[in-house]
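Colleague: turn this into a model:
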Amino acid sequence: MEQTDKESIQAASEEVSREFKTLINGENLDSLKQLQHLILGRLQDSNAVLSHFNEYSENCFAEVSNDFSRNTRLLNSMKSDLDYIFQKLRSMKAKILATYPDAFPDDSIIEALDRRPDLEVPQ
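Modeller: Now for the predicted structure:
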């Protein structure tokens, strides 16, 4: 029984295959195949261009990353130096105000004289 089932399945498969062959035109199938090869070639070219661009970008990043990290460290150092300087200036101003209360004008006069934005306060 098993052999006859296999034979009947085989015959049915061949019949379905023949029916599909009648539905599809061979010329259309060849043109689809050519289009697929054309698309494959374009995709391979695009892949090669993107791979080249990735390598180029990686090299550029490698060249710039050392400068970027060095400049970042420099900016952080400059910020800490400026923070220290402003801290010293504030303490000196506090000492001067303690010794000479009239050394600096009132806040309202300061606002009229100095209209620069305060860079220490986040906006």
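Colleague: residue boundaries of the helices in this protein?
Modeller: 2-23, 26-99, 107-113 (DSSP state H).
Colleague: could I get the ones you listed in CSV, plus columns for mean pLDDT and mean neighbour count?
Modeller: Using the backbone N, CA and C atoms, a C-beta is placed for each residue, glycine as well. Formatted as CSV, the helices of the chain follow (pLDDT from 0 to 100; neighbours: other CB atoms under 10 Å):
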stretch, mean pLDDT, mean neighbour count
helix 2-23, 84, 9
helix 26-99, 93, 10
helix 107-113, 57, 9
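Colleague: which residue, neighbours along the chain excluded, lies closest to Ile96?
Modeller: Spatial nearest neighbour of Ile96, chain neighbours left out: Ala103 (5.2 Å); criterion: CB to CB, 6 or more residues apart in numbering.
Colleague: ok, that neighbour touching Lys95?
Modeller: No. Using CB atoms under 8 Å, Ala103 makes no contact with Lys95, being 10.2 Å away.
Colleague: and Phe86, how close does it get to Lys79?
Modeller: Distance from Phe86 to Lys79, counting by CB to CB, to the nearest Å: 11 Å.
Colleague: for Glu58, same thing?
Modeller: Glu58 is 31 Å from Lys79, by CB to CB.
Colleague: check Leu38 too.
Modeller: The value you get for Leu38 to Lys79, if CB to CB is used, is 57 Å.
Colleague: do the same with Ala48
Modeller: Between Ala48 and Lys79 the distance is 45 Å, computed by CB to CB.
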